[in-house]
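*Asks:* Got a sequence here, can you build the structure:
(chains A, B, C and D)
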Protein chains: 2
Amino acid sequence: MTVYGGQGDPARTMALLWRGGAPPGTRTAPGPRPGLTVDAIVAAGIALADESGLGGLSMRAVGGRLGTSAMALYTYVPSKRELLDLMYDQAHADLPTGYPAAGPRAAVLAWAADLWDRYLRHPWLLQVSYARPVLGPHEQAVLETLLGILDAMGLPAAVRRTAVSALLHLVRGMAQTAAESRAAAGATGDADEQWWHARAAQLAQVAPDFAQRFPHSTALAQAPAGDGGYDPVAAARAALTGGLDLLLDGLDARNDHGTQVL
Amino acid sequence: MTVYGGQGDPARTMALLWRGGAPPGTRTAPGPRPGLTVDAIVAAGIALADESGLGGLSMRAVGGRLGTSAMALYTYVPSKRELLDLMYDQAHADLPTGYPAAGPRAAVLAWAADLWDRYLRHPWLLQVSYARPVLGPHEQAVLETLLGILDAMGLPAAVRRTAVSALLHLVRGMAQTAAESRAAAGATGDADEQWWHARAAQLAQVAPDFAQRFPHSTALAQAPAGDGGYDPVAAARAALTGGLDLLLDGLDARNDHGTQVL
DNA sequence: TCCTGATTCCGTACGGTGTAAAGTGATGCT
DNA sequence: AGCATCACTTTACACCGTACGGAATCAGGA
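*Replies:* Down below sits the predicted model:
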């Protein structure tokens, strides 16, 4: 399921997200010196989620990976949800911040490609609900990069707002489709094509009138795929490219005609 | 978090999803006659999720709402995940299947509006990961309706495929943004505007160089919103309309120029 | 009519979760 | 030296999904 985020003390969460590396030399507090760091915990969490998915992410497991207990983490991180927020933001780190290439259209495509790659490398990102009210610095940087490209296209503010949301949702949605069909194929050992055939056979048995009830869907399913056979990841990637093309055409139109409405 | 679906026995799941109402009179099996029905369980689950979200959806709670225990459900439903799949599909029931109105563009907008309404009425739908490999009859009907509209636009198969994905992801994504900002506003008792002001103040304190690091974001945040002030649901709704306009413009271009490449 | 076997229902129990609360030691300042 | 403070451990709690086994219930065959 989609995990919500950012429900704890907002000030604490913000301070953690935007934590500005305390000066490393300074230390004048009694008590044992800290054996862990927030960064180490976040890194362990990310590694664990990469291996076992969000389902395998438990405080005990993260603690175990660091050689301590679950409760030891609570000194550094107020709750699991905040840890997830930190992981989410950290996983967006070190993406390119500029695409000086051949014009804004190519730049948007490159931006989307990099984000797509990041999502498929950390598929659990797609299970953490976007549109949470908390934004961390790295996710903000991704947004800023896109906005920089859109600024070069000379779009009015309202269109930029719409475009940012639409582009983000498109990349996220398509990546989600790709990641989950990949996961589904991996769970059963079957190859993709066999898997689909088996599923189609079950469907035919349980709903023999499918073709009559859903003629348009049937027609589309029978149309040749063209782009790489049955590979669902490639199909989703193609759908992303196509969707981006559609959106960018629309944006170009907004730009050329000088339409300022909306 | 996003809940996965469809991991149990696929044949059993499909049979449940497409269950073709057994003839009501017939009953020739020994043992106590069933006191529950799958439909009743699904309805109870939906009601519970509407009230308490997916977090409040436990087998014990669903059973309690029906006057029985958690384990009593397992006779009808193989697991919680399958129940969630059934709930998900059922919640898509009874949406309009045709929009004969003024042309395909208006039809797409009406289709999206109805789906948006459905999502906001059952926000937990947006936490159940779309792009699961299992499709139920009602969700399939939603897809079929959209495909019927797209067929009337005279688009090639590849473009239809892309358009379906893009449109669905757009509606889902925007609705998710709306639902979650609504939930966030509801959790704290604050009005939206106050909430955002408080959040901005915290951000300014924790990241005083925000405006320098993220000039484009800052510029966009300061541009007047125009469409209904600070109401995040209205803002997301406006973004949806804008995004749909962009996509539909792109689709119109594909149609007029007769371009057949993707 | 009684028996038999299938079927439903449910109490109990197990291993897992996040985290509250209290106890244990190590540490640096006074 | 004394002590407040912090990191960390231990224990415990409430809750979760669901495996298991027994009890109750009923249709059909004898």
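*Asks:* In a helix, A:Thr68, correct?
*Replies:* No. Note on A:Thr68: no helix contains this position according to DSSP: H, G, I helix; E, B strand; the rest coil, which reports coil.
*Asks:* which residue packs closest to it, ignoring adjacent ones?
*Replies:* Of all residues not flanking A:Thr68 in the chain, A:Leu36 sits nearest, at 7.0 Å (Cβ to Cβ, 6 or more residues apart in numbering or on different chains). For glycine as for every other residue, the C-beta is placed from the backbone atoms N, C-alpha and C.
*Asks:* Check A:Leu251 too.
*Replies:* Nearest residue to A:Leu251, sequence neighbours excluded (Cβ to Cβ, 6+ apart): A:Ala163, at 5.9 Å.
*Asks:* Could you pull up the contacting residues of A:Pro100?
*Replies:* Counting by Cβ atoms under 8 Å, 6 or more residues apart in numbering or on different chains, A:Pro100 touches A:Ala107.
*Asks:* Tell me the secondary structure of it, please.
*Replies:* The local conformation at A:Pro100, judged by three-state DSSP, is coil.
*Asks:* Can you report how many residues lie near A:Gly56?
*Replies:* 12 (other Cβ atoms under 10 Å in any protein chain shown).
*Asks:* My understanding was that A:Pro137 contacts B:Ala207; is that so?
*Replies:* Yes. At 7.1 Å, A:Pro137 and B:Ala207 qualify as touching, with contact defined as Cβ atoms under 8 Å.
*Asks:* which neighbours do the two share?
*Replies:* Between them, A:Pro137 and B:Ala207 share the neighbouring residues A:Trp18, B:Arg213, with contact defined by Cβ under 8 Å, 6+ apart.
*Asks:* most distant residue from the middle of chain A?
*Replies:* Outermost residue of chain A with respect to the C-alpha centroid, by Cα atoms, centre = their mean, is A:Pro30; its distance is 41.4 Å.
*Asks:* Let me know the secondary structure of that one.
*Replies:* Following three-state DSSP, A:Pro30 is assigned to coil.
*Asks:* phi, psi of it?
*Replies:* With angles defined as degrees, to the nearest 10, A:Pro30 shows backbone torsions of phi -70, psi 170.
*Asks:* list the contacts for A:Gly35?
*Replies:* Taking Cβ under 8 Å, 6+ apart as the criterion, A:Gly35 is in contact with A:Thr68.
*Asks:* what mean pLDDT would you report for the helix or strand hosting A:Leu251?
*Replies:* In this assignment (DSSP states H and E), A:Leu251 forms part of helix A:232-256. Looking at helix A:232-256 alone, the average pLDDT works out to 88.
*Asks:* likewise stretch A:183-198?
*Replies:* pLDDT averaged over stretch A:183-198 equals 69, rounded to a whole number.
*Asks:* Kindly report the same for stretch A:107-116.
*Replies:* On average, stretch A:107-116 scores 97.
*Asks:* Buried residues, that stretch. List them.
*Replies:* A:Ala107, A:Val108, A:Leu109, A:Trp111, A:Ala112, A:Ala113, A:Asp114, A:Leu115, A:Trp116 (16 or more other Cβ atoms under 10 Å in any protein chain shown).
*Asks:* Restricting to C-alpha, output it in CSV.
*Replies:* Listed next in CSV are the C-alpha coordinates belonging to stretch A:107-116 (Å, rounded to 0.1, in the frame of the first residue of the first chain):
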residue,chain,number,x,y,z
ALA,A,107,15.9,18.6,-21.9
VAL,A,108,12.5,17.5,-20.6
LEU,A,109,12.9,14.1,-22.2
ALA,A,110,16.3,13.7,-20.6
TRP,A,111,15.0,14.9,-17.2
ALA,A,112,12.2,12.3,-17.4
ALA,A,113,14.5,9.6,-18.5
ASP,A,114,16.8,10.2,-15.4
LEU,A,115,13.8,10.2,-13.1
TRP,A,116,12.5,7.1,-14.6
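*Asks:* Please see if it touches chain B.
*Replies:* No. No part of stretch A:107-116 sits close enough to chain B to count as contact by Cβ under 8 Å from any Cβ of the partner chain; the gap is at least 12.6 Å.
*Asks:* chain center to that stretch, what's the gap?
*Replies:* If you compare the mean C-alpha spot of stretch A:107-116 with that of the full chain, they lie 13 Å apart, counting by Cα atoms, centre = their mean, to the nearest Å.
*Asks:* Could you do stretch A:34-47 as well?
*Replies:* Stretch A:34-47 has its C-alpha centroid displaced from the chain centroid by 21 Å (Cα atoms, centre = their mean).
*Asks:* do that stretch and DNA strand C meet at all?
*Replies:* No. Stretch A:34-47 lies out of reach of DNA strand C by Cβ under 7 Å from any atom of the strand, never closer than 9.9 Å.
*Asks:* Just checking that stretch against DNA strand D, any contact.
*Replies:* Yes. Where contact is defined by Cβ under 7 Å from any atom of the strand, part of stretch A:34-47 touches DNA strand D, namely A:Pro34, A:Gly35, A:Leu36.
*Asks:* In three-state terms, label the second one for me.
*Replies:* Of the three states, A:Gly35 takes coil according to three-state DSSP.
*Asks:* Let me know the pLDDT of it.
*Replies:* A:Gly35 is assigned a pLDDT of 86 by the prediction.
*Asks:* ok so, going back, which positions in the host helix or strand of the residue nearest to A:Leu251 come out as buried?
*Replies:* Assigned by DSSP H and E, A:Ala163 belongs to helix A:157-187. Judged by neighbour count (16+ other Cβ under 10 Å), helix A:157-187 contains these buried residues: A:158-182, A:184-185.
*Asks:* Would you mind measuring from the residue nearest to A:Leu251 to B:Pro34?
*Replies:* A:Ala163 sits at a distance of 53 Å from B:Pro34 (criterion: Cβ to Cβ, to the nearest Å).
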